[in-house]
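S.K.: No sequence on hand, only this structure:
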């Protein structure tokens, strides 16, 4: 059902926009695109929208999967992909590239480099927790506090660059920070990162389930807590770097989607990990469709739409959890 929902969300993104397409036009245009010869205007529109929709799906699934892994690693329901400062490092690298260069590939490369640099620094500073020798209840306070401090330092650097940026580049920098998919196209590298992390998560889901209950129980059952934590951290960092490099800092997807999946499907990570990936992808595709069509032809940053949806949804989830 979730796979069907994902396909329907992508089809909706192809049909809806400043120029809406009827079902017959959409089918004919899809045939042209599948054959690799988009000759008509409708086929050209579908080709552009399909690439952006696939990019949005991969980004949304990446953020949601990173959120599930981060919450399992930190044993904190408020954890999200951006809590450890990895996105802050990506923002520093991307804004520095926007400030100094103009080529699009330099922004992606700098964002990925900044995220990986912060990940390495975080690992070196908090390796005590990742080695599995932290609190007996499985919490990782040193990792969380170190990530929060690094995120604060990156935020200061971002504010500094925004304050000295010239007017002609400031708008693009702000849009990148909010989260924007305009001009984004499907790429294989983020897809491979998502598939690899999901494959690891599904394979390690039983161990994550036991670790989520109690670290001592996991150790007694023969689970290598240190290796599991390191791998969860590595996958979360790679997923966050991939998503931020692809679309900027899009908030709330990695926070509300894991909670919604737990509320609907339960806490079993064997189901939670793939379900969150599919729901996160479909959610961001639909949010991006709204962002580019609600005041068409002008487009809004998709991060604004996810925040406007995410705040009331998260408050509703908290209310339902309290009632339970």
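M.R.: Perfect, thanks for sending it. Worth saying up front: this structure is predicted, and the values here are computed from it rather than measured.

S.K.: Please state the offset of stretch 49-57 from the chain centre?
M.R.: 14 Å (Cα atoms, centre = their mean, to the nearest Å).

S.K.: Also stretch 7-27?
M.R.: Taking Cα atoms, centre = their mean, one finds stretch 7-27 lying 24 Å from the centre of the chain it belongs to.

S.K.: What ranges does the stretch 51-200 of the chain have for its helices?
M.R.: 86-100, 104-125, 127-130, 141-164, 167-178, 188-203 (DSSP state H, counting those that start in this stretch).

S.K.: contact partners of the fourth one?
M.R.: Same thing as helix 141-164. When contacts are defined by Cβ atoms under 8 Å, 6 or more residues apart in numbering, helix 141-164 is touched by residues 73-74, 76, 79, 82-89, 91-92, 95-96, 99, 118, 121-122, 125-126, 128-130, 134-135, 170, 173-174, 177, 233. C-betas here are computed from N, CA, C, even on glycine.

S.K.: returning to that earlier point: least confident of the helices of the stretch 51-200 of the chain, on average?
M.R.: For these, mean pLDDT drops lowest on helix 127-130, to a mean of 73.

S.K.: Can you tell me how far residue 275 is from residue 55?
M.R.: Using Cβ to Cβ, to the nearest Å, we find residue 275 at a distance of 21 Å from residue 55.

S.K.: Make a PyMOL selection of the buried ones in the contacts of helix 141-164.
M.R.: Buried residues among the contacts of helix 141-164 (16 or more other Cβ atoms under 10 Å), as a PyMOL selection:
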select buried, resi 73+74+79+82+83+84+85+86+87+88+89+91+92+95+96+118+122+125+126+129+130+134+170+173+177+233
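
S.K.: returning to that earlier point: need the winner for burial among the helices of the stretch 51-200 of the chain.
M.R.: helix 86-100 (a mean of 25; mean count of other Cβ atoms under 10 Å).

S.K.: Quick check: residue 194 vs residue 152, distance?
M.R.: Applying Cβ to Cβ to residue 194 and residue 152 gives a distance of 29 Å.

S.K.: By mean pLDDT, which helix or strand of this protein comes out lowest?
M.R.: helix 215-220 (a mean of 68; mean pLDDT, DSSP states H and E).

S.K.: What's the first helix or strand after that one?
M.R.: Next along the chain after helix 215-220, taking DSSP states H and E as the criterion, comes helix 225-247.

S.K.: So which other helices or strands are in contact with that following helix?
M.R.: Judged by 3 or more Cβ pairs under 8 Å, 6 or more residues apart in numbering; DSSP states H and E, helix 225-247 is in contact with helix 41-74, helix 86-100, helix 104-125, helix 127-130, helix 188-203, helix 205-213, helix 215-220.

S.K.: Put together JSON lines for those, with distance to residue 323 on each row.
M.R.: What follows is the helices and strands packed on helix 225-247, written out as JSON lines (distance: least, Cβ to Cβ, whole Å):
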{"stretch": "helix 41-74", "distance to residue 323": "21"}
{"stretch": "helix 86-100", "distance to residue 323": "33"}
{"stretch": "helix 104-125", "distance to residue 323": "37"}
{"stretch": "helix 127-130", "distance to residue 323": "34"}
{"stretch": "helix 188-203", "distance to residue 323": "30"}
{"stretch": "helix 205-213", "distance to residue 323": "23"}
{"stretch": "helix 215-220", "distance to residue 323": "29"}
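
S.K.: what's the closest of these to residue 270?
M.R.: Shortest separation from residue 270 across these is recorded for helix 205-213, at 4.2 Å, computed as Cβ to Cβ.

S.K.: so for the closest one, what's the average pLDDT?
M.R.: Mean predicted lDDT for helix 205-213 stands at 86.

S.K.: That helix - contacts with which helices or strands?
M.R.: Counting by 3+ Cβ pairs under 8 Å, 6+ apart, helix 205-213 packs on helix 41-74, helix 215-220, helix 225-247, helix 269-293.

S.K.: contacting residues around residue 237?
M.R.: Counted by Cβ under 8 Å, 6+ apart, residue 237 has contacts 84, 86, 115-116, 119, 122.

S.K.: Can you name the two of these that sit furthest apart?
M.R.: 84 and 116 (12.8 Å).

S.K.: Pick out whichever of the contacts of residue 237 sits closest to residue 221.
M.R.: Scanning the contacts of residue 237 for proximity to residue 221, where the rule is Cβ to Cβ, the winner is residue 84, at 27.5 Å.

S.K.: Was I right to think that closest one contacts residue 71?
M.R.: No - the pair residue 84 / residue 71 is not scored as a contact, 11.9 Å apart, by Cβ atoms under 8 Å.

S.K.: Residue 27 and residue 7: what is the separation?
M.R.: When Cβ to Cβ is the yardstick, residue 27 and residue 7 sit 14 Å from each other.

S.K.: no no, residue 200
M.R.: Between residue 200 and residue 7 the distance is 25 Å, computed by Cβ to Cβ.

S.K.: Likewise for residue 204?
M.R.: Taking Cβ to Cβ, one finds residue 204 at 28 Å from residue 7.

S.K.: Which one's more surrounded, these two?
M.R.: Between residue 204 and residue 7, residue 204 has the larger neighbour count (other Cβ atoms under 10 Å), namely 22 against 12.
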